[in-house]
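Participant: Sequence and predicted structure, then a few things I'm wondering about:
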Amino acid sequence: MPFSFANVDGRACLVENESYFDLERISQGAISPDPMRAIAQNDEFREIAASLGSQEKDGIISEVTLCAPIPRPRNSFGVGLNYKDHAEESKMDLPTVPVVFTKYPSCITGPFDDVQLRGDSNDYEAELVVVIGRTTRDLPSNQAWSHIAGLTIGQDISDRDLQLAARPAHFGLGKSRDTYGPTGPLLVSPDSFTDPNDLSITCDVNGDRRQNARTSSLIFDVPFLVSYLSEIMTLEAGDLIFTGTPAGVGMPDRRFLNPGDVITTEIEGIGVMENICR
């Protein structure tokens, strides 16, 4: 049974249509209210999701604060230059192996939280984010989807001056200022999609469409990335993988973010994030 998972005011919940259901309550205490502990129990979500029609709802998601679905990930990876058109606009060679960096977990914030800009070269990057669902090590790519709890939306906000201040570039610092990792609004299980490898992804700034692509254009797709990382280290439930951004970022023509800008990020089947720059 597919499921949609949310962090409602710091509590783990399942979502059906516009209603949310507190997981600790409807599981009679079997599921932790802490989203980080609950996500490790995601195998149990499907059975619970099948019973939501008989459960009393706890409220309407439009009336509450949705926080980052995975608020304190152990690991948060970024993948650079993972769309051909973005590599071209960046005037970079196409990678032959994934370009992986650390997007430090302290930058993770919610789907409607403000982005607190620092400096004057801040960029937007719409991304599909993978959430690992269980301990994963040396996993073949053809088994990857069974180890993924779900998919969510991310913004890899990037301070380009900081990112490029050193040689080689220190991607991790440039992409990890406080609030530079909005995620959400929901974590949606892979079996919710007709094809989780092919989803529409868009980003608007102040209503102006800047990015418009499909995740089927990833150079290294989701199963490959999960398999690749699992050959290097053990992945655990709640680890995040920001899978890369398509063309249309601000850096090539210096269309950087300014205070007051509104970033709207949407991925098919997951929802919409809206973040105001301050």
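Facilitator: Received the coordinates, thanks.

Participant: State the pLDDT value of Thr245.
Facilitator: Model confidence at Thr245, expressed as pLDDT, equals 97.

Participant: Next, count neighbours for the closest residue to it other than its chain neighbours.
Facilitator: In space, not counting the residues next to it along the chain, Thr245 is nearest to Glu125; the distance is 3.7 Å by C-beta to C-beta, 6 or more residues apart in numbering. The way it works is simple: take the backbone N, C-alpha and C, and place the C-beta from them, glycine included. Glu125 is flanked by 25 other residues according to other C-beta atoms under 10 Å.

Participant: cool, and Asp239?
Facilitator: In terms of burial, Asp239 registers 25 neighbours under the definition other C-beta under 10 Å.

Participant: Spit out the contact partners of it.
Facilitator: 73-77, 131-132 (C-beta atoms under 8 Å, 6 or more residues apart in numbering).

Participant: swap in Phe3?
Facilitator: With contact set as C-beta under 8 Å, 6+ apart, Phe3 has these partners: 14, 45-46, 48-49, 150, 188-189, 192.

Participant: Looking at the nearest residue to it once chain neighbours are set aside now. What's its pLDDT?
Facilitator: Distances taken as C-beta to C-beta, 6+ apart put Ala49 closest to Phe3, at 4.0 Å, once the chain neighbours are dropped. Among the per-residue scores, Ala49 shows a pLDDT of 96.

Participant: and if you look at Lys91?
Facilitator: Reading off the confidence values, Lys91 has pLDDT 83.

Participant: again with Ala87
Facilitator: The predicted structure scores Ala87 at 82 on the pLDDT scale.

Participant: Isn't Thr109 up against Thr183?
Facilitator: Yes: counting by C-beta atoms under 8 Å, Thr109 does reach Thr183; the two are 7.4 Å apart.

Participant: Could you check which of the two has the larger neighbour count?
Facilitator: A count of neighbours by other C-beta under 10 Å puts Thr183 above the other of Thr109 and Thr183, at 30 against 23.

Participant: Helix, strand or coil: sort out that one for me.
Facilitator: Per DSSP: H, G, I helix; E, B strand; the rest coil, the secondary structure class of Thr183 is strand.

Participant: and it, bridged to which residues?
Facilitator: For Thr183, the residues forming beta bridges with it (DSSP bridges) are Gly154.

Participant: And for Cys67?
Facilitator: Under DSSP bridges, the beta-bridge partners of Cys67 are Asn7.

Participant: quick one, what contacts it?
Facilitator: Contacts were defined as C-beta under 8 Å, 6+ apart; by that measure Cys67 touches 7-10, 35, 110, 184.

Participant: Which of these has the largest number of neighbours?
Facilitator: So for the contacts of Cys67 (other C-beta under 10 Å), the most neighbours sit at Gly184, 29 neighbours.

Participant: so what pLDDT did that one get?
Facilitator: Reading off the model, Gly184 has pLDDT 98.

Participant: doesn't Thr152 make contact with it?
Facilitator: Yes: with contacts defined as C-beta under 8 Å, Gly184 counts as touching Thr152 at a distance of 6.1 Å.

Participant: Which residues are in contact with each of those two?
Facilitator: Taking C-beta under 8 Å, 6+ apart as the criterion, Gly184 and Thr152 both touch Pro69.

Participant: before we move on, the earlier item: with the contacts of Cys67 in mind, which one is nearest to Arg25?
Facilitator: Val8 (11.8 Å; C-beta to C-beta).

Participant: thinking again about what came up before, so what touches the helix or strand hosting the residue nearest to Phe3?
Facilitator: Assignment of secondary structure by DSSP states H and E places Ala49 within helix 45-50. Under the contact criterion C-beta under 8 Å, 6+ apart, helix 45-50 has outside partners 1-3, 5, 14, 16, 23, 26-27, 31, 189.

Participant: buried set for it?
Facilitator: When neighbours are counted by 16 or more other C-beta atoms under 10 Å, the buried residues of helix 45-50 are found to be 45, 48-49.

Participant: what does stretch 80-99 give?
Facilitator: The neighbour-count check on stretch 80-99 (16+ other C-beta under 10 Å) flags 80-83, 86-87, 89, 95, 98-99 as buried.

Participant: if we look at it, which residues are touching it?
Facilitator: Outside of stretch 80-99, the residues that reach it under the criterion C-beta under 8 Å, 6+ apart are 79, 100-101, 171, 213, 217-220, 224-225, 228, 243-249, 251-252.
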